[in-house]
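# Only the shape, not the letters, is given here:
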């Protein structure tokens, strides 16, 4: 490897680290800030963290060489963000912190701007870096739980926040999302690396990630995991592939891996027998929660113990309000204003707060993302785009169940999808570089 190759590898690694910090950086922020007690326990520390990520992404060809993103997604994204920003200045009666809100917009646009400077071949290093960050965050979560005197097995897994006015008990959604990122990146990397030890390590990381998802007890993540499995089965499992997989399963190497995993699993179950009982308890709790949601939403009492779920009732109320909004032309065409009405259903909130154009821009953006996702899962381009496609399947659950359409937890991953998903030339590694870039000015 010559000096030029080392320089390109270094740049790809720092680009990848910066993207990973923006894409899935909150678990690391909370571990450093709230568990290790390093830095101020406020949004200022988070802002410095994201600023460092953007610095790592700063290229030597800034303003000179740009790389083409998915133009369709970019247009819809910019239109919605511009509309939301317009309403922020014109129709804003919420009283939210202007520094935080403008900072979120600023970081979103800055991240998009930096991403279009990132070369296409960063896709070769980004998935492994995302996996390393997510796996490390899983370990930090376990460490945080073990060192938290207030946490007991059976409680939802999350890092306890230290900043004033923070959510009590932390945010398990962040832990669950990180577990899903680790699981999906490990799954994708298993098809890239053929080494037995690496694959065994990736399998162990998948099992740890599933454990984190179970401990976090976040329904949207667990439902998304089932939906992801459904997408995989629909688009990848055929009779021919099933026969090939069955033959490969009985190879000597795979038999040894299965034997080692079975022995290890039996050892763990015997050594930590109480843990199995806890898992059964988690499953029973999840099952009861689903029964409560079905009863709340549809009035169907599937089990005798089903009762009204407060969280689901909030979304039912949001949908009732959405139905009534159609009788108000002002709300339907103009909207109520920036973050005026919290619905916890991003797709519905887009039309309530920003009118029909907000829904067209935000809904159209996600519709195209779904189209590109299905295309990618059916015919994978590369490990990065395949990971992004499966990760968007998780977003399809969030769009009807959790969050707001302005959240950076949506838009930071969205920015990466805009840059890399649905770009046809990504798999054309044999094409010369000059055919894959947009040069804005000569160097």
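Thanks, I have the structure now. Just so it is clear, the structure is predicted and the values come from calculations on it, not from any experiment.
# show me where this structure has strands.
65-66, 438-439 (DSSP state E).
# Quick one: residues contacting residue 325.
Neighbouring residues of residue 325 by C-beta atoms under 8 Å, 6 or more residues apart in numbering: 331-332, 351-352. For glycine as for every other residue, the C-beta is placed from the backbone atoms N, C-alpha and C.
# switch to 10 Å and redo it
331-332, 335-336, 341, 348, 351-352, 355 (C-beta atoms under 10 Å, 6 or more residues apart in numbering).
# And for residue 232?
187, 377, 390, 393.
# can you put those in JSON lines and add distance to residue 149, neighbour count and pLDDT?
Output for the contacts of residue 232, formatted as JSON lines (distance: C-beta to C-beta, whole Å; neighbours: other C-beta atoms under 10 Å; pLDDT from 0 to 100):
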{"residue": "187", "distance to residue 149": "35", "neighbour count": "21", "pLDDT": "94"}
{"residue": "377", "distance to residue 149": "44", "neighbour count": "20", "pLDDT": "93"}
{"residue": "390", "distance to residue 149": "37", "neighbour count": "25", "pLDDT": "96"}
{"residue": "393", "distance to residue 149": "37", "neighbour count": "22", "pLDDT": "96"}
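# distance of residue 383 from residue 92?
For residue 383, the distance to residue 92 (C-beta to C-beta, to the nearest Å) stands at 42 Å.
# which pair in the contacts of residue 325 spans the largest distance?
332 and 341 (13.4 Å; C-beta to C-beta).
# shared neighbours, the two?
Common neighbours of residue 332 and residue 341 (C-beta under 10 Å, 6+ apart) are 325, 352.
# which residues of the stretch 251-400 of the chain score low on pLDDT?
Regions of the stretch 251-400 of the chain meeting the criterion pLDDT under 70 cover residues 269, 271-276, 278-279, 282-283, 286-319, 321-324, 326.
# Tell me where the model's unsure across the stretch 1-150 of the chain.
Judged by pLDDT under 70, the stretches of the stretch 1-150 of the chain that qualify are 1.
# show me where it has helices.
For the stretch 1-150 of the chain, the helices defined by DSSP state H, counting those that start in this stretch occupy 3-24, 26-30, 43-57, 71-90, 98-115, 123-146.
# same deal with the stretch 151-300 of the chain?
Using DSSP H, counting those that start in this stretch, helices in the stretch 151-300 of the chain cover 172-190, 196-216, 219-236, 239-249, 252-271, 273-298.
# For those helices, state which one has the densest average packing.
Highest mean neighbour count of those: helix 172-190, a mean of 25 (counted as mean count of other C-beta atoms under 10 Å).
# mind listing what the closest residue to residue 94 other than its chain neighbours touches?
Spatial nearest neighbour of residue 94, excluding adjacent residues (C-beta to C-beta, 6 or more residues apart in numbering): residue 339 at 4.8 Å. By C-beta under 10 Å, 6+ apart, the contact list for residue 339 reads 84, 87-88, 91-96, 101, 349, 353, 404-406.
# quick check, nearest of those residues to residue 111?
Relative to residue 111, the closest of those is residue 406; by C-beta to C-beta it sits at 14.4 Å.
# what's the neighbour count on the closest one?
By other C-beta atoms under 10 Å, 24 other residues sit near residue 406.
# so it touches residue 105, yeah?
Yes - Residue 406 lies in contact with residue 105 (C-beta atoms under 10 Å); the separation is 8.3 Å.
# buried residues in stretch 49-62?
49-50, 53-54, 56-57, 59 (16 or more other C-beta atoms under 10 Å).
# One more: stretch 383-402?
Buried, per 16+ other C-beta under 10 Å, within stretch 383-402: 383-399, 401-402.
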